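> Let's see this in three dimensions:
(one chain, ligands or ions: 1)
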Amino acid sequence: MRVDFTKMHGLGNDFVVLDARAAPLPAMDEATARAIADRRTGIGCDQLILLEPSDTADFRMRIFNHDGSEVEACGNASRAVALLHGSAARVETSGGVIAVEPRNGGASVDMGEPRFDWDAIPVAYAMDTLRMPVGWEGLEAPGAVNVGNPHVIFFVPDTDAIPLGEIGPEIESDPLFPERINVNIATIVDRQHIRLRVWERGAGLTRACGTGACATAVHAMRRGLVEREVTVTLPGGDLEIAWDEGNRIHMTGPATESFRGSFEWGDFA
Ligand SMILES: N[C@H](CCC[C@H](N)C(=O)O)C(=O)O
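Residues are numbered from 1 along each chain as shown. Below is the predicted model of the structure:
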């Protein structure tokens, strides 16, 4: 079966988007997602995005990480899908229904409400027992936020000085996080600006993580470190994050269509 795809990215966090809303595709599984995402033998992407019909929203967005794991949310892909769809839409994800709206060559997304309670992250026991990486003993204990998907956030003096490629995998799979976790290393520049690097669950170092920007921003806001509208600067560029009085997170930023192509389903399944 010949399948069309659209290659997209949000600040360099890249996606292969398959659209099964008008006509079904064969069932997607972890192995097929991993094969498509492989950067040498597949098409290559951080996440594979599969659009399907929905009974509860305008359509459904399924998200598969580079390692094949299916997850609840993807901020950058939400903006890419808004661009592809071409108009405002409510999108069902396994992390909840989000609202997307194309805007100025990108999109704005209502990501819903953050959850801070430990069993919603989830974490297996009280956060202050996370085994801090060697040499980090002096830093304050991290925070954890669920914005559809789980995030741990460390505030450090200089995010660029942290060997995130080394410690990311260790924290991602720490037994404290039964579902693994996305690892955010942030520096507060001032009350309107955060610098952030992310080791993503199931994908590793990415140029940007939209949900990581949301989680880090609301954690900093909750701690009174920044205003309730901030710019988050990631290696791939800037996102604008706001946490409104109704407890909903809004993310605004660019989205890009790189190219389109097609492949034989049997090549990867
Ligand atoms: N790695 C994430 C999913 C992709 C999130 C990221 N690409 C974004 O833009 O939010 C997880 O396993 O929860």
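> Only C-alpha atoms from now on, for both contacts and neighbour counts.
Will do.
> which other residues reach the helix ranked longest in the chain?
Among the elements of type helix in the chain, defined by DSSP state H, the one spanning the most residues is helix 210-222. Under the contact criterion C-alpha atoms under 8 Å, 6 or more residues apart in numbering, helix 210-222 has outside partners 73-76, 114, 143-147, 149, 151, 153, 182, 184, 186, 194, 196, 198, 226-228, 230, 232, 239, 241, 243, 249, 251.
> So which of the residues you listed sit within helices?
G75, N76.
> which among the contacts of helix 210-222 are in contact with the ligand?
The subset of the contacts of helix 210-222 within reach of the ligand, counting by C-alpha under 6 Å from any ligand atom, consists of A73, C74, G75, N76, N149.
> now these as a markdown table including distance to G86?
A markdown table is the format used below for those (distance: C-alpha to C-alpha, whole Å):
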| residue | distance to G86 |
| --- | --- |
| A73 | 20 |
| C74 | 18 |
| G75 | 17 |
| N76 | 16 |
| N149 | 25 |
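> Adding distance to S108 and pLDDT, write the residues you listed out as CSV.
Output for those, formatted as CSV (distance: C-alpha to C-alpha, whole Å; pLDDT from 0 to 100):
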residue, distance to S108, pLDDT
A73, 15, 97
C74, 13, 97
G75, 10, 98
N76, 10, 98
N149, 19, 98
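> which of the residues you listed tops the neighbour count?
Ranked by neighbour count under the definition other C-alpha atoms under 10 Å, those are headed by N76 with 31 neighbours.
> Please point out which parts of the longest helix of the chain sit buried.
Buried residues in helix 210-222, counted by 16 or more other C-alpha atoms under 10 Å: G210, T211, G212, A213, C214, A215, T216, A217, V218, H219, A220, M221.
> What count of nearby residues applies to the residue lying closest to P157 once chain neighbours are set aside?
Leaving out its chain neighbours, the residue that sits closest to P157 by C-alpha to C-alpha, 6 or more residues apart in numbering is T187, at 5.8 Å. When counting by other C-alpha under 10 Å, one arrives at 20 neighbours for T187.
> ok, T187 to T216 distance?
Applying C-alpha to C-alpha, to the nearest Å, one obtains 10 Å for the distance of T187 from T216.
> low-scoring stretches of this protein, by residue?
126-131, 133, 135, 137-138 (pLDDT under 70).
> Enumerate every residue touching R90.
Contacts here follow C-alpha under 8 Å, 6+ apart; on that basis R90 touches A57, D58, F59, V97, I98, A99, V100.
> Assess the claim that H66 and A33 are in contact.
Yes: under the contact definition of C-alpha atoms under 8 Å, H66 touches A33, with a separation of 7.4 Å.
> residues from the stretch 1-150 of the chain in reach of the ligand?
Checking the stretch 1-150 of the chain against the ligand by C-alpha under 6 Å from any ligand atom, the hits are V71, A73, C74, G75, N76, A77, N149.
> Help me confirm that the last one comes into contact with E70.
So that's N149. No: using C-alpha under 8 Å, N149 is not in contact with E70; the gap is 11.0 Å.
> ok, back up a step: so which of the buried residues of helix 210-222 reach the ligand?
Intersecting the buried residues of helix 210-222 with the contacts of the ligand gives G210, T211, G212 (criterion: C-alpha under 6 Å from any ligand atom).
> Can you give me the domain boundaries for this structure?
Per the record, the chain has its domains at 2-110+255-267, 118-247, by automatic domain parsing.
> one step back: out of the contacts of R90, list just those in strands.
Among these, the members falling in strands are F59, V97, I98, A99, V100 (criterion: DSSP state E).
> Nearest to W136 among the residues of the stretch 1-150 of the chain next to the ligand?
N149 (25.1 Å; C-alpha to C-alpha).
> For that closest one, give me its contacts.
With contacts defined as C-alpha under 8 Å, 6+ apart, the neighbours of N149 are V71, E72, A73, G95, I121, T211.
> List the contacts of the second one.
Spelled out, that is E72. Residues touching E72, when contacts are defined by C-alpha under 8 Å, 6+ apart, comprise R62, I63, T93, S94, G95, G96, G148, N149.
> The residue nearest to F155 when sequence neighbours are not counted bridge partners, please.
Closest residue to F155 apart from its sequence neighbours, by C-alpha to C-alpha, 6+ apart: A186 at 4.9 Å. Legend: beta-bridge partners of A186 under DSSP bridges are F155, L196.
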